[in-house]
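J.: Based on what follows, work out the 3D shape:
(one chain, ligands or ions: 1)
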Amino acid sequence: MDNSNSFSVVHNGIIENYQELKEFLISNGYHFLSQTDTEIIPNLIHYYYTKTTENTDKLLNAVHLACKDLKGSYAIEVICKDYPDTMIVARKDSPLVIGVGSEENYISSDIPAILSYTKNFYLLNDGDLAKLSKDAISFYDANLSPISKELKSIEWDVFACEKDGYEDFMLKEIYEQPKSVRETIGSRLKKNEKVNFDDIGFTKETLEKFNKIYLVACGTAMHAGLAVKPILEKLCHIPVIVDIASEFRYREPLIDKNTLCIFISQSGETADTIAALKLSKNEGATTIAISNVIGSSITREADFTIYTHAGPEIAVASTKAYTSQITLLTLLALYFAEVLECVPVEIVNNIKEELLLLPEKISEVLKDSSKVKEFAHKVYTEKDMFFLGRGTDYAVAMEASLKLKEISYIHSEAYAAGELKHGPIALIENGVTVIGILTDPYLVEKSVSNLQEVITRGAKTLVITNQELNTANYDEVINIPNTNSLISPILSVIPLQLFSYYISKEKGLDVDKPRNLAKSVTVE
Ligand code: M6R
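T.: Numbers count the residues shown, from 1 in each chain. Here you go, the predicted structure:
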């Protein structure tokens, strides 16, 4: 609230120049009760409100003037004593949606939060403001000129945003993966047909022009990029660079009009990923956004958008979004391969057939989680764990390690198994837990001997595999169905998602809302 208790503000984001604005306000007689950046906003609005001589739309004008002074990111909602029926909202670099009801309207940072009240939404662009009452909404651009907006209907099922009998959203979302992968494949891939990406419609000439592909994202979405790098390179013969968005955006990456940049984001609101996208567009690259949220910020910036159709993901720890991202990027790689015609048709067809079988195979993996649960029970008190793999198994090791850290607070590291003897093996001692992922027939022998090295030093081992191994060597082996090793992450990650889940449960932690983390990271 402001000093006069007339204005109340809700703010999501960070005001970077708040210190400067605070000093300005203090020099004008304002005082502050907190250290927050947010407190300057209602006071700044009060400042302009009392200065303005206009009588029409005084509140809207004051909010607009205050927003012009703010640097950083914000989605704000403002109410004022003098306008009891009005609410002003504004956004820049933070998500904000307006839900339309009957005799009532809603604002939220995210669609699922208000999906049980309405399926009709307006989405604000950066710099936009809106004035709401219970039965009217008007929109304004950054210059306060009135604008019109299209009302969007969101098809998500409200039950998809509820736990539906599961103890936690994360568990529900893990078990939804047969469906979410099937929906992501959707009508893009049908038996004996070419992969359909008419919505992108790249020609052979366009694809041949690209001399490199960047996959840019954060966290789990970046891991999805790592998991598909091998298939994209194998099927398209174009070098693929996977980059962390927060590094990419500050590194002056080598991109130009011959670069294809693909940005992966479940929420479509991740600040660093959006900034990386804007930078790539400025450098002339062709940009594709991969998102799970219709109309999210990233989709409004990119040249092309493709959706994952995983359905709403509520748990902070991403599970079904990851497998859907890999599925969609695999489809994209297959599409590029068919347009470019640079690999034998049999290779492409084998992956297409295997991809269509995945929903069934995921159900098989999910049928019995007892072994994972038991192993989680044995090791949940540990302080450190290691995940090892080669090729796509290494990408899964990284994702599994992130999952474990974020929901169980156990420190873990993922290593390419071949790197072990270049340092990390020094950490292996009696009783330490090592998890091996072994799904690539060409690499399995190598990984088996790496695991032997840790077993010799006393490690406890859990192995996820679709290969025939001498199971007596390991403390626990989880067998998963066989598939083409280029798409095996979609299956091999599932027992490891469950592993983290059960460890978190054993420790009595809040699985869906781990400490210090947010579902959408809308600030850098
Ligand atoms: O919404 P995004 O996919 O852009 O989010 C990126 C990361 O913040 C996200 O994947 C994060 O790492 C998850 N909490 C991992 O489970």
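J.: tell me the mean pLDDT over stretch 448-461?
T.: Mean pLDDT, computed over stretch 448-461, is 96.
J.: Buried residues, it. List them.
T.: Residues of stretch 448-461 classed as buried by neighbour count (16 or more other C-beta atoms under 10 Å): 448, 450, 451, 453, 454, 455, 459, 460, 461. All C-beta spots, glycine's among them, are computed from the backbone N, C-alpha and C.
J.: What are the contacting residues of that stretch?
T.: 378-379, 386, 388, 417-418, 420-421, 425, 428-436, 438, 463, 469, 473-476 (C-beta atoms under 8 Å, 6 or more residues apart in numbering).
J.: Now, of the residues you listed, which are buried?
T.: 379, 386, 388, 417, 420, 428, 432-436, 438, 463, 469, 474-476.
J.: Which ones among those residues map onto strands?
T.: 386, 388, 433, 434, 435, 436, 438, 463, 476 (DSSP state E).
J.: Also near the ligand: which of those, exactly?
T.: The subset of these within reach of the ligand, counting by C-beta under 6 Å from any ligand atom, is empty.
J.: Which member of those is positioned nearest residue 281?
T.: residue 388 (38.5 Å; C-beta to C-beta).
J.: Now that closest one: closest residue in space, sequence neighbours ignored.
T.: residue 417 (4.4 Å; C-beta to C-beta, 6 or more residues apart in numbering).
J.: so the one you found touches residue 389, yeah?
T.: Yes - with contact defined as C-beta atoms under 8 Å, residue 417 counts as touching residue 389 (6.1 Å).
J.: ok, the residue nearest to residue 388 to residue 29 distance?
T.: Residue 417 is 65 Å from residue 29, where distance means C-beta to C-beta, to the nearest Å.
J.: In the protein, what residue comes closest to the ligand?
T.: Nearest residue of the chain to the ligand (C-beta to the nearest ligand atom) works out as residue 219 at 1.9 Å.
J.: ok, that residue - how many residues close by?
T.: 21 (other C-beta atoms under 10 Å).
J.: got a list of what it touches?
T.: Applying C-beta under 8 Å, 6+ apart, we find residue 219 in contact with 318, 402, 521.
J.: Would you list the phi and psi of it?
T.: phi 50, psi -130 (degrees, to the nearest 10).
J.: Do you know the pLDDT at it?
T.: 97.
J.: lowest-pLDDT helix or strand in this protein?
T.: strand 152-153 (a mean of 88; mean pLDDT, DSSP states H and E).
J.: so what strands line up beside that strand?
T.: strand 120-123 (antiparallel) (DSSP bridges).
J.: Can I take it that residue 167 is in a helix?
T.: No - per DSSP: H, G, I helix; E, B strand; the rest coil, residue 167 lies outside any helix segment and is coil.
J.: tell me the pLDDT at it?
T.: For residue 167, pLDDT reads 92.
J.: How about residue 159?
T.: So residue 159 comes in at 66 (pLDDT).
J.: ok so, going back, in TSV: the contacts of residue 219, plus distance to residue 250 and neighbour count.
T.: Supplementary listing: those in TSV, determined by distance: C-beta to C-beta, whole Å; neighbours: other C-beta atoms under 10 Å:
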residue	distance to residue 250	neighbour count
318	24	28
402	22	21
521	16	17
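J.: Which members of those are positioned in helices?
T.: If you go by DSSP state H, these have residue 402 in helices.
J.: As TSV, the buried residues of stretch 448-461 with secondary structure and distance to residue 363 would be great.
T.: Output for those, formatted as TSV (DSSP: H, G, I helix; E, B strand; the rest coil; distance: C-beta to C-beta, whole Å):
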residue	secondary structure	distance to residue 363
448	helix	28
450	helix	31
451	helix	28
453	helix	35
454	helix	32
455	helix	32
459	coil	32
460	strand	29
461	strand	27
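J.: which of those sit farthest apart?
T.: Checking those with C-beta to C-beta, the most distant pair is 448 and 460, at 16.6 Å.
J.: Show me the protein divided up by domain.
T.: Following automatic domain parsing, one finds the domains of the chain at 7-153, 166-365, 370-506.
J.: I'd say residue 380 and residue 506 touch.
T.: Yes - at 3.9 Å, residue 380 and residue 506 qualify as touching, with contact defined as C-beta under 8 Å.
J.: who in the protein is up against the ligand?
T.: Going by C-beta under 6 Å from any ligand atom, the residues of the chain near the ligand are 218-221, 265-267, 270, 273, 316-318, 406, 517, 520-521.
J.: follow-up on the earlier one: name the residues contacting each of residue 417 and residue 389.
T.: In contact with both residue 417 and residue 389: 436, 447, using C-beta under 8 Å, 6+ apart.
J.: what's the helix or strand for residue 9?
T.: strand 7-15 (DSSP states H and E).
J.: residues of that strand that come out buried?
T.: Within strand 7-15, the residues that qualify as buried are 7, 9, 11, 12, 13, 14, 15, counting by 16+ other C-beta under 10 Å.
J.: Give me the distance between the residue of the chain closest to the ligand and residue 84.
T.: 42 Å.
J.: Then residue 388?
T.: Counting by C-beta to C-beta, the gap from residue 388 to residue 84 is 62 Å.
J.: Not counting sequence-adjacent ones, nearest residue to the spatially most central residue of the chain?
T.: The centroid of the chain falls nearest to residue 266 when counting by C-alpha atoms, centre = their mean (3.4 Å). The shortest distance from residue 266 to any non-neighbouring residue, by C-beta to C-beta, 6+ apart, is to residue 321 (3.9 Å).
J.: Which residues are in contact with that neighbour?
T.: Counted by C-beta under 8 Å, 6+ apart, residue 321 has contacts 220, 221, 266, 292, 308, 310, 313.
J.: now it, what's its secondary structure?
T.: Strictly by three-state DSSP, residue 321 counts as helix.
J.: Could you check the pLDDT of it?
T.: On the pLDDT scale, residue 321 gets 98.
J.: The one 3 residues further on now?
T.: According to the prediction, residue 324 has pLDDT 98.
J.: Same question for residue 53.
T.: 78.
J.: Make 11 the starting number, not 1.
T.: Got it, first residue is 11 now, which makes that one residue 63.
J.: Pretty sure it sits in a helix.
T.: No - per three-state DSSP, residue 63 lies outside any helix segment and is coil.
J.: Show me where the stretch 261-410 of the chain has its strands.
T.: Secondary structure of the stretch 261-410 of the chain (DSSP state E, counting those that start in this stretch): strands at 269-275, 296-301, 314-317, 394-399.
J.: of these, which approaches residue 134 most closely?
T.: Using C-beta to C-beta, the strands of the stretch 261-410 of the chain put strand 296-301 closest to residue 134, at 16.9 Å.
J.: what sits up against that closest one?
T.: For strand 296-301, the surrounding residues in contact (C-beta under 8 Å, 6+ apart) are 210, 216, 220, 267, 269-278, 287, 290-291, 308-309, 311-318, 335, 338-339, 342.
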